[in-house]
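Engineer: Here's a sequence, model it:
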Amino acid sequence: MHQVVYSSAAVKAFSEAQLTELLAKARINNDRLGVTGMLLYDDGSFLQVLEGDAVVLEALFQTISKDERHHRVVPLLRRAIDARHFEKWKMGFAAVRSLPREMPGYSDYLRLRGDSSKAGNAAARLLSAFRDGRFRSYVATGA
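Structural biologist: Numbering: from 1, shown residues only. Next up is the predicted model:
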């Protein structure tokens with residue numbers, strides 16, 4: 001089992017309708033590919049984790065990297081994991097603008113996101129907080 005975490009910037013801000021459409025398509029595609037994960041969105045910035053077979057994830061990441069709706073796609077982590085962190089999530093989602101700024105890992109990631117050598121650990125802490133339910137009231141899992 002592998003995990004890929006990346007950040008990117010939208011070419012232009014996504015509306016709620018556009019995010020809803022993006023998530024609906026991602027959930028269908030991820031289910032077909034055996035991929036789980038989550039997506040955070042904040043004012044045009046994305047942080048996403050994808051989990052699944054390494055070959056499948058690399059192909060999916062290449063496709064995502066070429067998507068013209070975003071740019072500055074920065075891989076933060078590529079790692080083997082013992083078990084899925086988002087096992088029941090075809091694609092969890094949270095709009096970060098509604099999350100508390102003091103959320104563990106949140107401010108660290110935003111401060112470091114321009115430095116991929118340091119942002120990976122901050123992103124991992126943020127994802128762990130997300131997985132452990134610290135964002136639960138803001139999450140639509142769509143499972």
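
Engineer: And the pLDDT at Phe86?
Structural biologist: Phe86 carries a pLDDT value of 80.

Engineer: what's the burial count for the nearest residue to it once chain neighbours are set aside?
Structural biologist: Leaving aside its chain neighbours, Phe86 sits nearest to Thr36 (4.6 Å; criterion: Cβ to Cβ, 6 or more residues apart in numbering). To be clear about C-beta, it is placed using only N, CA and C from the backbone, and glycine gets the same treatment. Residues lying near Thr36 (other Cβ atoms under 10 Å) number 23.

Engineer: swap in Asp31?
Structural biologist: Close neighbours of Asp31, defined as other Cβ under 10 Å, add up to 13.

Engineer: What residues of the helix or strand containing it count as buried?
Structural biologist: According to DSSP states H and E, Asp31 maps onto helix 16-33. By 16 or more other Cβ atoms under 10 Å, the buried positions in helix 16-33 come out as 19, 22-23, 26-27, 30, 33.
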